[in-house]
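Q: below is the sequence, then the predicted model.
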Amino acid sequence: MLDLAENKLEGSLNATEFWKLRYLTSIDISMNDFGGHADMYFGPAMVYVNYSRNHFTSAGFKRFAGGMMSVVNLSNNLIDMEAVDFFRNVPVNVTELNLSNNTLRGAFPDSFPFLGKLTRFTIANNDMAGPIPWGLVNFTDLTVLDFSGNKLSQGIPPGIGYLKKLTVLNLSSNVLGSSIPGSIGRLECVLEILDLSNNDLVGRIPSELGELQETIVLLGGNSLTPPAPLGVCKIATVKDDQDLCPPEIKMLEEFYHSFKGPEWINSSYWLDESKSYCLWYGVVCDKKYNVSITKLELGNNGLSGELGTRIMEIMSELTQLEGLDLNGNDINGTIPTEIATLSNLVELDLSHQKQGLMGQIPDGVSKLVHLSLLCLAGNKLDQGIPSAIGILDNLKVLNLSSNVLIQSIPTQLRRLQDTIEVLDLSNNKLEGRIPSELGDLQDGNDDF
């Protein structure tokens, strides 16, 4: 063993002198100031070579030399050469090869040497270009593969997902394109770090990646198509990514379970890992970006449960929601005051619930200033009609029929005269005189 690490030694090395040391098994000259060419020419017993953190400008191996060489560390030098030249004559028994933080350039050789015993291969922060060698999939003992910080392009070889011992896969900060191969999900039992960030990856994230729940998964800085599959959005390092995992996806999952989704008449694609939630039955997304939910159209679909405060809290995350149609289901309880948080609603239809919504119409409805349709017919709503409904100056349809509303009709409804087309208050327990002010609604279809 020869250990000269962490000194201020400088100059070039005479490889023939090391060749004479026939029984030398280990050499460490790291953290010095050696320069020139690093000739990997050693006696037959050499196993461990650490030339890192020097100033070598080139390096190479001799054919048939270093047959026992297992660990080679040339990281953090100034090696500036074509990759095809460097990889010529790499010892076939090498298990660890660290070339990070140099200037190796160009593509990997077309016929990449078969390094069947390789376990750790690091070539981060160089100037490598071209595709990732497909031959790597034959290096079945690989545990660490770090090609980050280069200019590697084209796709990720699907065969990487079959490297059953791989614990670290770092391909970040390249220009890799195409989609992420689903086969990477096969590594759920071993993979600890998956870093594909800052590339040019496109398409939907494969649902198979949802298997990597215990893995640190980094996917930011790509052009991946949102939303990510539900399982992927449960991974700790992905779930807070607002681009890949918008709040809609979490809300829809809770909505499904709260209203007994498995019992719905039609629940096509709901919670399907392979489908965007914009394809789930009754979910309508914006046409431009196909991410933000604009409508939930789940009328007459067998939903059951309570329209409680919690549901309103999670639905408030749907900042672009314009339409909520839940008519003809079996939703019970009262209409929570938090419905006012759905501030962009244009159409709200909670009519004809099987058991009937009860309690009063919350004053918060008047805060839904964009409403053009409010339909609460066929329930068991009681007490009076909130006079503040009269300030909804976009309202075209107001249907509160077939409830048990009492008291008199608010005179403030006259303020709807410029917009209202349908006003139906029939089959309630309203009393008193019809306000003369409602005569201003003569162009509408009024039913008292």
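A: That came through fine.
Q: kindly export stretch 48-60 (C-alpha atoms) in PDB.
A: C-alpha atoms of stretch 48-60 as PDB (Å, rounded to 0.1, in the frame of the first residue of the first chain):
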ATOM      1  CA  TYR A  48      -7.200   0.300  -5.600                       C
ATOM      2  CA  VAL A  49      -6.200   3.600  -7.300                       C
ATOM      3  CA  ASN A  50      -7.100   7.000  -6.100                       C
ATOM      4  CA  TYR A  51      -5.800   9.900  -8.200                       C
ATOM      5  CA  SER A  52      -8.600  12.300  -7.300                       C
ATOM      6  CA  ARG A  53      -8.300  16.000  -6.600                       C
ATOM      7  CA  ASN A  54      -5.100  16.700  -8.600                       C
ATOM      8  CA  HIS A  55      -4.400  18.500 -11.800                       C
ATOM      9  CA  PHE A  56      -4.100  15.600 -14.300                       C
ATOM     10  CA  THR A  57      -5.100  16.700 -17.800                       C
ATOM     11  CA  SER A  58      -5.400  13.300 -19.400                       C
ATOM     12  CA  ALA A  59      -5.500   9.600 -18.400                       C
ATOM     13  CA  GLY A  60      -5.500   6.200 -19.900                       C
END
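Q: tell me the buried residues in it?
A: For stretch 48-60, a neighbour-count test (16 or more other Cβ atoms under 10 Å) marks Tyr48, Val49, Asn50, Tyr51, Ser52, Arg53, Asn54, Phe56, Thr57, Ser58, Ala59, Gly60 as buried. C-beta coordinates here come from the backbone N, C-alpha and C atoms, glycine included.
Q: need those residues in CSV with pLDDT, distance to Leu24 and secondary structure, can you?
A: Listed next are those as CSV, based on pLDDT from 0 to 100; distance: Cβ to Cβ, whole Å; DSSP: H, G, I helix; E, B strand; the rest coil:
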residue, pLDDT, distance to Leu24, secondary structure
Tyr48, 93, 10, strand
Val49, 94, 10, strand
Asn50, 96, 13, strand
Tyr51, 96, 14, coil
Ser52, 97, 18, coil
Arg53, 97, 21, coil
Asn54, 96, 19, coil
Phe56, 96, 19, strand
Thr57, 96, 24, strand
Ser58, 95, 23, strand
Ala59, 93, 18, strand
Gly60, 89, 19, strand
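Q: Trp280: which of those residues is nearest?
A: Nearest to Trp280, judged by Cβ to Cβ, of the buried residues of stretch 48-60 is Ser52 at 52.7 Å.
Q: where's that closest one relative to Met31, distance?
A: Distance from Ser52 to Met31, counting by Cβ to Cβ, to the nearest Å: 7 Å.
Q: where exactly do the helices run in the stretch 1-150 of the chain?
A: 15-19, 83-86 (DSSP state H, counting those that start in this stretch).
Q: swap in the stretch 301-448 of the chain?
A: According to DSSP H, counting those that start in this stretch, the stretch 301-448 of the chain carries its helices in the segments 309-315.
Q: quick one: low-confidence parts of this structure?
A: Along the chain, segments meeting pLDDT under 70 span 63-67, 437-448.
Q: skip the chain neighbours and tell me the closest residue to the residue of it most remote from its centre.
A: Here the chain reaches farthest from its C-alpha mean at Arg433, the gap being 58.7 Å by Cα atoms, centre = their mean. Leaving aside its chain neighbours, Arg433 sits nearest to Ser408 (7.5 Å; criterion: Cβ to Cβ, 6 or more residues apart in numbering).
Q: just Ser372 next, same as before
A: Closest residue in space to Ser372, ignoring its immediate chain neighbours: Lys396 at 4.7 Å, by Cβ to Cβ, 6+ apart.
Q: measure how buried the one you found is and give me the count.
A: For Lys396, the count of nearby residues is 18 (other Cβ atoms under 10 Å).
Q: what about the longest helix in the chain?
A: For the chain, the helix with the greatest residue count under DSSP state H is helix 247-258.
Q: what's the first helix or strand after that one?
A: The helix or strand immediately downstream of helix 247-258 is strand 283-285, counting by DSSP states H and E.
Q: quick one: buried residues of stretch 417-426?
A: Across stretch 417-426, burial judged by 16+ other Cβ under 10 Å covers Gln417, Ile420, Glu421, Leu423, Asp424, Leu425.
Q: mind putting the residues you listed into TSV with distance to Asn332?
A: Converted to TSV, those look like this (distance: Cβ to Cβ, whole Å):
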residue	distance to Asn332
Gln417	35
Ile420	29
Glu421	30
Leu423	27
Asp424	23
Leu425	23
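Q: closest one to Phe259 out of those residues, please.
A: Nearest to Phe259 among these: Asp424, at 26.8 Å, using Cβ to Cβ.
Q: re earlier: out of the buried residues of stretch 48-60, what pair is the most spread apart?
A: Longest span within the buried residues of stretch 48-60, Cβ to Cβ: Tyr48 and Thr57, 22.8 Å.
Q: follow-up on the earlier one: between the buried residues of stretch 48-60, which is nearest Asn126?
A: Ala59 (12.7 Å).
Q: who does the closest one bridge with?
A: With DSSP bridges as the criterion, Ala59 is bridged to Ala38.
Q: ok, it - contacts?
A: His37, Ala38, Asp39, Met40, Tyr51, Leu74, Asn77, Ile79, Met81, Phe86 (Cβ atoms under 8 Å, 6 or more residues apart in numbering).
Q: go again with 10 Å.
A: Residues in contact with Ala59 (Cβ atoms under 10 Å, 6 or more residues apart in numbering) are 36-40, 51, 72, 74, 77, 79, 81, 85-86, 99, 102, 104.
Q: related to what we said a few turns ago, what do Ser52 and Met31 both touch?
A: Jointly contacting Ser52 and Met31 under the rule Cβ under 10 Å, 6+ apart are Ala5, Asn76.
Q: what's the distance between the spatially closest residue to Lys151 that is not a sequence neighbour and Ala59?
A: Leaving aside its chain neighbours, Lys151 sits nearest to Ala129 (4.5 Å; criterion: Cβ to Cβ, 6+ apart). As judged by Cβ to Cβ, Ala129 and Ala59 stand 19 Å apart.
Q: equivalent analysis for Leu350, please.
A: 73 Å.
Q: hang on, the earlier thing: Asp330: which of the contacts of Ala59 is nearest?
A: In terms of Cβ to Cβ, no member of these lies closer to Asp330 than Leu99, at 65.0 Å.
Q: pull the number of nearby residues for that closest one.
A: 25.
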